[in-house]
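Undergrad: Model the structure of this input:
(3 chains)
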Amino acid sequence: MEPELAIALPAVGAVLTAILHPRPRAALLAGALLGAGGIAAVLLAAPGLASDLLGVSLSVSAMSRTLLLAAAASLALIVAFPPPRADRAMLLAWGLAGIAGMAAIAAAPSLDLVILLTLVIALLHAALGGQRPLAARLRAPALAVALLGAGLVFARFDGSTILARFAAIGLVAGLAAALGTLPYIHEFDPDELTATSPIAWIAFLGPILALAVITRARELIPAAGAIFAAMLIGLGLLNVLWGGLASWLTDKGMSAWHYSFMADWGLVLCAFGILVADGQAAAVLLLFGIVLSRLPLYLWSRQSLRERIQTDRPVNLLAAAMLAGAAPFAGFAARLFLLRGATQLYWPLALVIGVGLLLWLPPSLRLGRSLGTPRGRLALGVAIALSLSVAVGLYPQPLLSLAGL
Amino acid sequence: MTAVAAFAAWLGAAIIVLADGRRGLAAGIGLIAVGFTAIAWSDGVWVGGACLLVGGVVAVIALLRTGPQDWGLMPAGSTPRLILAVAGGILSLWVAASVTTGPGASLRFACLAVLGLMAGRLLQSKAAVPALAGAAGLAIALAGASELGPNDPGFAPYLIAALITAGALLLPAARSHGA
Amino acid sequence: MPAIAIIAPVAIPLATAGSVAICGVAGWKIDRIVLAVGTWLAIVALIALWAPVRSTQDLGLGQLGFGTPSELRLDAVGFTFGLLVLVPAAILLTLQPRPWQEGTVAALGVAAAVLAVESGGVILTAVAGGAAATLAIVQLDVEDPRASRPPWGVLLAAWLALSWVGAILQVRSGTAGYSAVPVSALTVPVFALLAATALIASGLYPWRGWPSQLWGRPALRSAGMAVATLYPLGFYLLVRAYEIGDGRYPQFWLQVVLAGIGVLVAFGAAARAQGASTRRAYLGEVIPGLGGFALIGISVGTPLGLVAGIATLAVAATLAACLPLLPDRGGPTSLVVIAAAAGLPPGLAFGVRVLGLEATFEAGTPMGLIGIAAAATWILSIIAAARAAGLPAGRGHPASETEPRVSMGLALAIVVAGPALGLVLAVLATPAQALVMPSPAGVNLGGLTAVATVSTVLPAVALFTPVLLLAVLAYYYAGPMTVRAQDRAAFVVLPGTDRFARLREALRSATVPAQYRSLVDLRALEAAATGGGPLLWLAALVALAFAVTR
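TA: Predicted structure coming up:
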């Protein structure tokens, strides 16, 4: 019953929070309680154990559970220490809706349901509104669904071995389109609210979706497993290069953050493509970093970005260090795992990845400075994000154990 | 029978690609839903087929009840769309009948054709309603594709697809004045 | 003592950092006292842990998650390098007032550096060393964001490279522990990567690197701490490499190359020193010069060379504490500091250089040639020191940061410690050497009063003590020294240096020619990639299909 509750409670919480929006305290309380209930259900759900309450076999894997918890922690951090002038109740509502969607994707028993649920989320996300027209907001996620669906269909065809390769193409391209990484970059309006922008896909929904697609794809197309992994690595390296350079050289501050997410995803895709345990461990740590470090910092920076404030205080440098994956933050541990996994697979790949990692620093300095000078509660939020990253960076074992690695 | 249903699905997808008006889009969605419903029923998936049909009907009604009622079929400059519809159909037929093997060629054709054409529609659409109709067509095709797998998918894909089909065209954005 | 106590030299600075932060936030003006107590307590703990036992002690940290169990290890190398980090750090943190934020970061940096040298394996060293580098950069930027600092990207790359070394060792041999890695795992490429890390981590370049540039900052609080915590770490890696390689590097030519780089580093520092326009600029080249000699000694590959190298680092560590406390003005203090740094007899700097050169000659050709070059470099550095005595002081850093008496005392300690060379080696260098490079049977490096080499014995006490007494008498009877500071021309202008500088400037200011700029229009590229264009997406799909179906 836990998977069902993991989906239902946050969903109800989202709806209730939205309804109670005119009464912010009640909305926050209702949302917090129901969200906490949902997360408790996630925690209690035994990894891999199926629940058949609704006639559909739902189960949450260990890695999915870890990412759900990370997403929940990120939401809690953002709502507890909101960006200036942010509507906390709406943040919580959107966040809970996202978590409900993620829990549904994580618990879905087949890739068909994952893809359909992605389409549901895409439609609801597009319907939230924003400055971009609905067709533009829907375009990339719906294309992702179509590509994933095509990949799934090709995987089920009998016939030539080339069909498995087409399946791999569809799944990889569909995943890239869903996330919004190169070459399927979503249209990005810097003034758009984060919840309705592509950042929601790349930083919040993306991790669970990627995990669901990749783990199921490996079972679906074992004959094309090597091709699938190679494509992930190829796209990953492309995004590392593009994300690093674009984040550094672009004129627009918000876009720099957008590209930095892509760079991180480049590493994640490489990690998933490295089919050894270290690769998976690197992926978990990198996704943790995206959800619990980069996303909150991005939200907290938006006000300073609008006001074009750049500061050089210790907190900015520490944030830059965290974003750059410097020791002792979680990103360094992730890079260590990535290099080790790549070395096991093919050592020149480790060299290429290592060179790519050097691109992280200049944009990270820029992004760290764009955080401005957090004060009061915001400073505490930044301190918590930094501390969590240090804790995981120095002692990643608990997180990895939770993820079943 | 299934061949006719698959052809109907392709035709519906082609109409969605070629139509900008609500009536055209409604006809397209209706044909897709009917086509996949027939295929599902021919495979004994009664509940699933019924779900798709209900979803399709709701979508058609939603399109016909609000907004300007025009067909908008093949507006000016729609030659590329026509080529897409025809070429997509031919390519899907070739893959389903020749490249792939085994029974169920009709379902394979229908899935490939609708997925491909709806993806094309979504890429080139600038208005909300055609994009939503494309999404609805995607959902129906995905539900049909679940039958291609080795295991019984149950009713869940059909139910979700029906909800998407109906819900997409009931969204506030679908009630815009333009198509 | 229980094994958990090994963590004390790391835990105490960490706790100090936390306490300083609490004091700072609460508004209690006792953070400097807390810093002083904390860092000196860490030194006491280190000595208390090591002295009674004087053998390797391990503390298993279990599975931290880095693949193999991590451990802390206090052995002779860890003890020596721990002191090299802690002692100058303690002196600076005690005597220099700084804001509590800087103090917190400084204490954290000290903890990270000590953790790096107390780690039992490459991975933990990489994590801790990287953290120390990050914290040093933060500290420097907190003090003055506009002043020069080490290139962060380069340091980050170095420690990332070390983590890759650890990963390679784990993949090849299942472990990255210093004492557990099989010799065969340290291949030439792996060692080359480790050596490159070491050189970059300590800024050991023939050109002007960060250990020189930092001394040009307006304030020297963070500069001193950065040098104290980061500079020894690269050398630490090279010493540990001997342990991994069972007393040697994978190939002899690697030692020659490293020693050659050492000469170039020392020569570069000496060349810049003899052309310095201020005394501050000269003093900025002292530690890199000593680092070059330390690198030579460590790279020679003999026990004598190794102890000479480690002892040279001890001198460098003392000067790392001395130089930031030295005021930028003339007087006997700066003269004594210059004399101590230049390696005039009977100072410790003189003794360790003699041993280092002796080691190169005993190692034979081509090390002997390197020794000759090192000797010439030493002569140049002495000329530079003599010239520096008459230079203008320099811009001057805040007087509140300086302690001329302590600075003089530290310099005098270097001079007076010359006769105690044997004792210094016995306490600091020889145990570390014995751990990583066991001496051949029958070879003994001497005792407390003399140092035995292959070909001779250097009776440090007997030889240096009379020289020291003479020096004291000469100083006493010479009376007050007045040196008129004035601009002086460089002793020698090296050919080609201006060409090199012009080349660097040309590279730095290079731009794409105007007629080709439209080809690399980044804005257009960005707009094309992010426009959500269906054609681009379809093209990408086709490209993927083409690539995969080949």
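
Undergrad: In the stretch 201-350 of chain A, what residue comes closest to chain C?
TA: Chain C sits closest to residue A:327 of the stretch 201-350 of chain A, with a gap of 2.9 Å, by CB to the nearest CB. Yep, even glycine has a C-beta here, placed from its N, CA and C like the rest.

Undergrad: Where does the residue lying closest to that residue once chain neighbours are set aside sit: helix, strand or coil?
TA: Leaving aside its sequence neighbours, residue A:327 sits nearest to residue C:130 (CB to CB, 6 or more residues apart in numbering or on different chains; 2.9 Å). Under the three-state scheme (DSSP: H, G, I helix; E, B strand; the rest coil), residue C:130 adopts helix.

Undergrad: Correct me if wrong: residue C:130 contacts residue C:156.
TA: Yes: here residue C:130 reaches residue C:156: they are 6.9 Å apart, a contact under CB atoms under 8 Å.

Undergrad: and the residue of the stretch 201-350 of chain C found nearest chain B, how many neighbours?
TA: For the stretch 201-350 of chain C, the residue closest to chain B is residue C:201, as judged by CB to the nearest CB, at 51.0 Å. Burial of residue C:201 is recorded as 28 neighbouring residues (other CB atoms under 10 Å in any protein chain shown).

Undergrad: just residue C:53 next, same as before
TA: Neighbour tally, residue C:53, other CB under 10 Å: 11.

Undergrad: pretty sure it is in a strand, no?
TA: No: Residue C:53: not assigned to a strand; according to three-state DSSP it is coil.

Undergrad: Chain neighbours aside, what residue packs nearest to it?
TA: residue C:1 is the one closest to residue C:53 (CB to CB, 6+ apart), at 7.9 Å.

Undergrad: quick check, that neighbour in a helix?
TA: No: checked against three-state DSSP, residue C:1 lies outside a helix; its state is coil.

Undergrad: and it, how far is that from residue C:49?
TA: 6 Å (CB to CB, to the nearest Å).

Undergrad: got it, and residue A:279?
TA: 39 Å.

Undergrad: Looking at those two, which one has more neighbours?
TA: Just comparing residue A:279 and residue C:49: by other CB under 10 Å the higher neighbour count belongs to residue A:279, 24 against 20.

Undergrad: Just the element for that one, please.
TA: Residue A:279 is part of helix A:277-289, with elements assigned from DSSP states H and E.

Undergrad: which residues touch the helix or strand following that helix?
TA: Under the assignment DSSP H and E, the closest C-terminal helix or strand after helix A:277-289 is helix A:295-306. If you take CB atoms under 8 Å, 6 or more residues apart in numbering or on different chains as the criterion, helix A:295-306 is touched by A:74, A:77-78, A:81, A:83-86, A:190, A:194, A:199, A:203-204, A:253-254, A:257, A:261, A:310-311, A:319, A:322-323, A:367, A:370-372, A:374, A:378, A:381-382, A:385.

Undergrad: Among those, name the ones in helices.
TA: Assigned to helices by DSSP state H, the following of these qualify: A:74, A:77-78, A:199, A:253-254, A:257, A:261, A:319, A:322-323, A:367, A:378, A:381-382, A:385.

Undergrad: Nearest the geometric middle of chain C, what residue?
TA: By CA atoms, centre = their mean, chain C has its centre lying nearest to residue C:231, at 2.0 Å.

Undergrad: Can you name the residue of chain C nearest to chain B?
TA: residue C:534 (3.8 Å).

Undergrad: what about the closest residue to that residue other than its chain neighbours, which helix or strand?
TA: Spatial nearest neighbour of residue C:534, chain neighbours left out: residue B:123 (3.8 Å); criterion: CB to CB, 6+ apart. Secondary structure from DSSP H and E places residue B:123 in helix B:105-124.

Undergrad: Output the contacting helices and strands for the very next helix or strand once past that helix.
TA: Sequence-wise, the next helix or strand downstream of helix B:105-124 (DSSP H and E) is helix B:128-145. Judged by 3 or more CB pairs under 8 Å, 6 or more residues apart in numbering or on different chains; DSSP states H and E, the packing partners of helix B:128-145 are helix A:111-127, helix A:134-156, helix B:2-18, helix B:22-42, helix B:46-65, helix B:105-124, helix B:156-170.

Undergrad: Okay, buried residues for the fifth one please.
TA: Taking 16 or more other CB atoms under 10 Å in any protein chain shown as the basis for neighbour counts, the residues of helix B:46-65 that come out buried are B:48-60, B:62-64.

Undergrad: Could you do the first one as well?
TA: By neighbour count, and taking 16+ other CB under 10 Å as the criterion, the buried residues in helix A:111-127 are A:111-123, A:125-127.

Undergrad: try the third one
TA: Of the residues in helix B:2-18, those scored as buried under the neighbour-count criterion (16+ other CB under 10 Å) are B:2, B:5-18.

Undergrad: One more: the fourth one?
TA: For helix B:22-42, the neighbour count (16+ other CB under 10 Å) marks B:22-41 as buried.

Undergrad: Can you read off the pLDDT for residue B:175?
TA: On pLDDT, residue B:175 comes in at 63.

Undergrad: Repeat that for residue C:497.
TA: pLDDT, residue C:497: 60.

Undergrad: ok, now which ones touch the nearest residue to residue B:78 once chain neighbours are set aside?
TA: Closest residue in space to residue B:78, ignoring its immediate chain neighbours: residue B:18 at 6.0 Å, by CB to CB, 6+ apart. Going by CB under 8 Å, 6+ apart, residue B:18 touches B:24, B:73-74, B:78, B:81-82, B:85.

Undergrad: Can you tell me which of those residues are buried?
TA: For the contacts of residue B:18, buried by 16+ other CB under 10 Å: B:24, B:74, B:78, B:81, B:85.

Undergrad: okay but residue A:366 is in contact with residue A:250, surely?
TA: No: between residue A:366 and residue A:250 there is no contact under CB under 8 Å: 9.5 Å.

Undergrad: which residues do the two both contact?
TA: residue A:256.

Undergrad: sorry, back to before: keep only those of the contacts of residue B:18 that are in helices.
TA: Counting by DSSP H, these place B:24, B:81-82, B:85 in helices.

Undergrad: Good, wrapping up.
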